[in-house]
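**Student:** any chance you can model this:
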Amino acid sequence: MAYGGDRVVVIRDFNAIRAHHEKEGGRAKSDASIQKFNDFINAGGLVDIGFEGEKFTWNNRQFGGNFIQERLDRALVSMAWRSEFSDVFVKHLDDLGSDHKAFLLCSHKEERGYKRRFRFQERWCENEEVVNLIKQAWRHEVVGSAMFKLVGKLKFCRHKLVEWQRTSNSNSNLKIMSLKEKISDETNKGQFANGATIRILEAELKEAFEQKERYWREKSRVQWLKWGDKNTKFFHSKFQARNRKNKIKELRDENGETASDAMDIAEIVQRLQSVMHRVISDSKSAFIKRRLISVNVLIAHEFMHSLKNKRYGDYELVLKLDMSKAYDRVEWNTF
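**Tutor:** Model prediction:
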């Protein structure tokens, strides 16, 4: 256990599990014992940073019908520690000669070898500058079919928003630091300080904090906490946990060799690209170069429009599904 103020990390055999799926074989753990362990973690304000490798960390080494394996070992950290060491992860190693697997706490930073994808941020909807920019970009003349015009206008809007994002003061952290410095400078003037200026700066600072919270709420994709609860650190930790799951740190080739170096992984991915179009169905409009997931959205809209305007013929049915097992979560309240 390591402790430094509000930065806490605990790595050990807790001899407890957090859910029934963390045990196989033998008699099932009671719901009360599982709830007690989860209550202990929540009361301490700790989070499980997860793992890489095989799921179970302990087994009774009684192979056969009496074989039992569980995830008893884990790393629990405080949110302050997780925020400071966001790149750290735990790797489960071999358990040769022991009933417990060895733990490796990896602290090296992973280099980004890809271009960051542009994402429209919800908080921009209230920015008048962005609204005017989109209106102006949408007037851009595109020649072609209706679908070609739509795609062209969306692409042009994206380019304009990327340019705006690079040149504008949209970084909440930088804006907060700048406003704090201005408030401090004005306050330090003592009796010559301008109260009206300070109040204006404080209002801008409050807005910047709200924008920061909305940013992390959107990136974390946690919908069961309402914006305004001042949970920025929580949203930040949730985003980091999801982001770690979205990273590929190892790949295994057809010879069973494991590649963990970025260059080796890129080489395997390059070889996969030549066959991806054969193993992924034509109905899947993502994951393959020159396939657009937006096509599915347009098809869905066309289908709903057809159903809405249908006046004769057989009845048809549409089912709204929450696709929680897809590559991403798709959820909406109404059509």
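
**Student:** okay, which residue of the chain is out on the far edge from center?
**Tutor:** Seen from the C-alpha centroid of the chain, the residue lying at the greatest distance (Cα atoms, centre = their mean) is Q191, 48.0 Å away.

**Student:** so where do the strands sit in the stretch 151-300 of the chain?
**Tutor:** Secondary structure of the stretch 151-300 of the chain (DSSP state E, counting those that start in this stretch): strands located at 251-252, 258-259.

**Student:** what's the average pLDDT for the last one?
**Tutor:** Read that as strand 258-259. Taken as a whole, strand 258-259 carries a mean pLDDT of 77.

**Student:** how close does Y215 get to F37?
**Tutor:** Distance from Y215 to F37, counting by Cβ to Cβ, to the nearest Å: 33 Å. C-beta coordinates here come from the backbone N, C-alpha and C atoms, glycine included.

**Student:** contact partners for N38?
**Tutor:** If a contact means Cβ atoms under 8 Å, 6 or more residues apart in numbering, then N38 has R18 as its contacts.

**Student:** now the strand or helix carrying it: how far from the chain's centre is it?
**Tutor:** Taking DSSP states H and E as the definition, one finds N38 inside helix 31-43. Relative to the centre of its chain, helix 31-43 is centred 26 Å away, using Cα atoms, centre = their mean, to the nearest Å.

**Student:** what residues sit buried inside it?
**Tutor:** For helix 31-43, a neighbour-count test (16 or more other Cβ atoms under 10 Å) marks 34, 37, 41 as buried.

**Student:** so the second one sits right up against A19, yeah?
**Tutor:** It refers to F37. No - F37 sits out of contact with A19 when judged by Cβ atoms under 8 Å, with a separation of 9.8 Å.

**Student:** need the residues touching each of these two.
**Tutor:** Residues touching both F37 and A19 (Cβ under 8 Å, 6+ apart): none.

**Student:** this protein - how does it break down into domains?
**Tutor:** Listed by automatic domain parsing, the domain ranges of the chain are 2-106, 122-245, 275-335.

**Student:** per-residue pLDDT, F14?
**Tutor:** 93.

**Student:** for A326, same thing?
**Tutor:** The predicted structure lists A326 with a pLDDT of 47.

**Student:** go on, the one 3 residues further on?
**Tutor:** If you check R329, the pLDDT there is 48.

**Student:** kindly report the same for I41.
**Tutor:** Value for I41, per-residue pLDDT: 90.

**Student:** I'd guessed it sits against L76; true?
**Tutor:** Yes - counting by Cβ under 8 Å, I41 touches L76, with 6.2 Å between them.

**Student:** now for these two: what residues contact both?
**Tutor:** Between them, I41 and L76 have 47-48 as joint contacts when contacts are counted by Cβ under 8 Å, 6+ apart.

**Student:** export the host helix or strand of N132 as PDB, just CAs?
**Tutor:** N132 belongs to helix 128-138 when assigned by DSSP H and E. Written as PDB, here are the backbone C-alpha positions of helix 128-138 (Å, rounded to 0.1, in the frame of the first residue of the first chain):
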ATOM      1  CA  GLU A 128     -22.800  32.000 -30.800                       C
ATOM      2  CA  GLU A 129     -19.500  32.100 -32.700                       C
ATOM      3  CA  VAL A 130     -19.800  28.400 -33.500                       C
ATOM      4  CA  VAL A 131     -23.500  28.800 -34.500                       C
ATOM      5  CA  ASN A 132     -22.700  31.600 -36.900                       C
ATOM      6  CA  LEU A 133     -19.700  29.700 -38.300                       C
ATOM      7  CA  ILE A 134     -21.900  26.600 -39.100                       C
ATOM      8  CA  LYS A 135     -24.500  28.800 -40.700                       C
ATOM      9  CA  GLN A 136     -21.900  30.400 -42.900                       C
ATOM     10  CA  ALA A 137     -20.200  27.100 -43.800                       C
ATOM     11  CA  TRP A 138     -23.600  25.500 -44.700                       C
END
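
**Student:** that one packs against which elements?
**Tutor:** For helix 128-138, the elements it packs on are helix 146-167, judged by 3 or more Cβ pairs under 8 Å, 6 or more residues apart in numbering; DSSP states H and E.

**Student:** mind listing what's buried along the helix it packs on?
**Tutor:** Neighbour count says helix 146-167 has 151, 153, 156-157, 160-161, 164 buried, by 16+ other Cβ under 10 Å.

**Student:** please apply the same query to stretch 17-25.
**Tutor:** Taking 16+ other Cβ under 10 Å as the basis for neighbour counts, the residues of stretch 17-25 that come out buried are 17-18, 22-23.

**Student:** follow-up on the earlier one: turn the strands of the stretch 151-300 of the chain into TSV, columns for mean neighbour count.
**Tutor:** What follows is those, written out as TSV (neighbours: other Cβ atoms under 10 Å):
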stretch	mean neighbour count
strand 251-252	13
strand 258-259	14
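
**Student:** select the longest helix from this protein.
**Tutor:** helix 195-220 (DSSP state H).

**Student:** mean confidence score for that helix?
**Tutor:** Helix 195-220 comes out with an average pLDDT of 77.

**Student:** for stretch 103-119, same thing?
**Tutor:** 66.

**Student:** how about stretch 54-64?
**Tutor:** With pLDDT averaged residue by residue, stretch 54-64 scores 84.
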